[in-house]
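Enquirer: any chance you can model this:
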Amino acid sequence: MMSQPLPRRKKLPDEAIATMIRQTAVKPLDRQKKIMEGLQRNNDKYKNDPYAKEFGISLSGTMTKLTGRILDPPSIEYRDNGKDKNIVNINKTNPGKWFQDKNTYLNGADVSNWAVLDMAQLNDGQYKEVVQGFVTVGKENGIKFGGVDKVMKVRVSMKDMDEALATIEDHLVRIGHHFQAAGSKLDFVLIIFAFKAGSLYDKIKHLGDMKLNISTQCCLKANLYKGGNLSKQVVANVCMKINSKLGGINHVLSKGCRPNILKRPVMIMGADVSHPAPECRSFKPSIAAVVASVEPKAVNYEVQVRIQDMGLESNEEVIKDMKEVTRNLLLKFFEKNKGRKPEKIVMFRDGCSEGQFLTVLAKELMAMREACMELEEGYQPPITYVVVQKRHHTRFFPSDTNKYRNGNALAGTVVDQGINHPTEGDFYLLSHEGIQGTSRPCHYQVLWDDNNMTADELEVLAYYLCHLYSRCSRSVSYPTPTYYAHLVADRARKHHNELAQFDCGSSSGYSAGSGKMTESERRKIKEVVERGVEKPMYFV
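Expert: Numbering: from 1, shown residues only. Below is the predicted model of the structure:
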């Protein structure tokens, strides 16, 4: 690994990135040792440095000792089937994950009409096994899949990628027409890939989300057939995504442990701004995504996307159109809750560095206030504005037994004294179980708080929101709204690339025709991407 040349200008392929992360992930104890060795080397230099001696500078040779707390995990609620206990309690000695066991999704989707687009050349036995696998696992989890006779099968080869890209739209249109002709509505298409194909995936998502309004779920044959047989676990994981995409609810926080703030109408928001890679900055915009919860369980989110052309000279972090975005999201909340307005707003903002705190706060908070006032005179819900950061170098090494087997701190570990700002409200919260490498805690900075929440209330809210991510039965490292905003921005980038025919994955960083867009084309693409996707939760 030491002196390998690194391609500076081009993006590494996904497989190479995954391998690199695995190779460079350092276990907590090894990392601690490395840090201490580095500290020792630097200290030795200082001890013998005449200038340091003269000024009386000396460094301690130990790590800072802090007192942290471990928050109790929430309990998770599934559908009440009458006979079984539908509440899952998370093990306090091993938090960060739970097992669904025999529980079914709180609100399972109905998938009567679906199609399988087989691009992995499955034989008849495998095809039947996959369909039957989804029907069985779906039934166990609370999704009603139509049986083998209800499924339409289409086979396509991935051998010739250009041909696959050229014909994929015709295949999807044909599937849509087939169900239309039978007088039924297509619920979703399961697409099985033979191998990872980024360009084809992007094209399918663009067609499904923007053009044909079809829910699609892609998966790899190699993942479905882990270890030679059809993996029930992988099918169950895919079912979680399918259920969310089709408007179902997988799990929620149980009523007994729901934070008080969620007991009244409140809108939990998440925002993120995604910037183009440096080599694409001259012709690719920044994309801002904002999501907001529209129901008391804070599980389903509405989405707004904005394209910001400031990315041309420098990365602009402020969301320009925040007023209009907030206004639209408030109207959606109002519509979904039969005319009730949110009494409070809590914003978790991602991707914002310390130097931009004041600018972002001044512009975005004012824009949110204006949006509220515009909808109704005198409507001023209290707003709490929190920035979530993961790009820092703080790591925690537990000195007692409160840690996982690999040495990482337990999920729910919170540090709000000792290394925090003396006057501003900020805290570090580690909300996930680190599986590889050393866990990186999230740094939450409270920039504004009209709700006068106590540190404890905010820490518990942030931690509990990390359990509502619908893709898995684990607590994730970011609060769910922030994570969703990140996914939306990523998907919007794919839509934008497809519409503008960019290819930033090519060796030179962009294709020949990528920079030559007229102003009217730019405006049209901006309009299409910002109009958004009809289906809710499409980004899961």
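
Enquirer: for Glu354, grab the count of nearby residues.
Expert: The criterion is other Cβ atoms under 10 Å. On that basis, Glu354 has 11 neighbouring residues. Yep, even glycine has a C-beta here, placed from its N, CA and C like the rest.

Enquirer: next up, phi/psi of it, please.
Expert: Here the main-chain torsion angles of Glu354 (degrees, to the nearest 10) amount to phi -60, psi -40.

Enquirer: then the one 5 residues further on?
Expert: In terms of degrees, to the nearest 10, the main-chain angles of Thr359 are phi -60, psi -50.

Enquirer: could you measure from it over to Ile191?
Expert: Note on Thr359: its distance to Ile191, by Cβ to Cβ, to the nearest Å, is 43 Å.

Enquirer: which one's more surrounded, those two?
Expert: Neighbour comparison, Thr359 and Ile191: the larger count goes to Ile191, with 24 against 13 (by other Cβ under 10 Å).

Enquirer: how about residues contacting whichever strand or helix holds the more buried one?
Expert: According to DSSP states H and E, Ile191 maps onto strand 188-193. Surrounding strand 188-193, the residues in contact under the criterion Cβ atoms under 8 Å, 6 or more residues apart in numbering are 111, 114-120, 122, 130, 134, 158, 172, 175, 200-201, 204, 208, 214-221, 224, 242, 245-246.

Enquirer: distance from that strand to the middle of the chain?
Expert: With Cα atoms, centre = their mean, to the nearest Å as the basis, strand 188-193 stands 21 Å off its chain's centre.

Enquirer: related to what we said a few turns ago, please spell out the PyMOL selection for the buried subset of the contacts of strand 188-193.
Expert: To isolate the buried ones among the contacts of strand 188-193 in PyMOL, judged by 16 or more other Cβ atoms under 10 Å, type:
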select buried, resi 111+114+115+116+117+118+119+120+122+130+134+172+175+200+204+208+214+215+216+217+218+219+220+221+224+242+245+246
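
Enquirer: take the contacts of strand 188-193 and keep only those in helices.
Expert: Assignment to helices by DSSP state H places the following of the contacts of strand 188-193 there: 130, 134, 172, 175, 200-201, 204, 221, 224, 242, 245.

Enquirer: measure how buried Pro285 is and give me the count.
Expert: Close neighbours of Pro285, defined as other Cβ under 10 Å, add up to 25.

Enquirer: try Met366
Expert: Other residues near Met366 come to 12 when the count uses other Cβ under 10 Å.

Enquirer: so what touches the helix or strand that contains it?
Expert: Assigned by DSSP H and E, Met366 falls within helix 366-375. With Cβ under 8 Å, 6+ apart as the contact definition, helix 366-375 has outside contacts at 319, 322-327, 330-331, 341, 345, 347, 379-381, 383.

Enquirer: quick check: next helix or strand after it?
Expert: From helix 366-375 onward toward the C-terminus, using DSSP H and E, the following helix or strand is strand 383-389.

Enquirer: what does whatever helix or strand comes next after that following strand rub up against?
Expert: Later in the chain than strand 383-389, the nearest helix or strand by DSSP H and E is strand 413-415. Strand 413-415 is contacted from outside by 66-71, 396, 398, 402, 427-430, 441, 459, 463, using Cβ under 8 Å, 6+ apart.

Enquirer: at 7 Å instead, please
Expert: Residues outside strand 413-415 that contact it (Cβ atoms under 7 Å, 6 or more residues apart in numbering) are 66, 68-71, 396, 427-430, 459.

Enquirer: repeat for stretch 430-445
Expert: Contacting residues not belonging to stretch 430-445 are listed as 22, 25-26, 28, 31, 96-97, 386-390, 392, 394-396, 404, 408-409, 411-413, 424, 426-429, 462-463, 466, 474-478 [Cβ under 7 Å, 6+ apart].

Enquirer: stretch 485-494 too?
Expert: Where contact means Cβ under 7 Å, 6+ apart, the residues beyond stretch 485-494 that reach it are 202, 205-206, 270-272, 274, 287, 289-291, 303, 305, 350, 529, 539.

Enquirer: what number of residues lie near the closest residue to Lys320 other than its chain neighbours?
Expert: The shortest distance from Lys320 to any residue other than its chain neighbours is 5.5 Å, reached at Gln308 (Cβ to Cβ, 6 or more residues apart in numbering). A count of neighbours around Gln308, defined by other Cβ under 10 Å, yields 20.

Enquirer: thanks again, I'm all set now.
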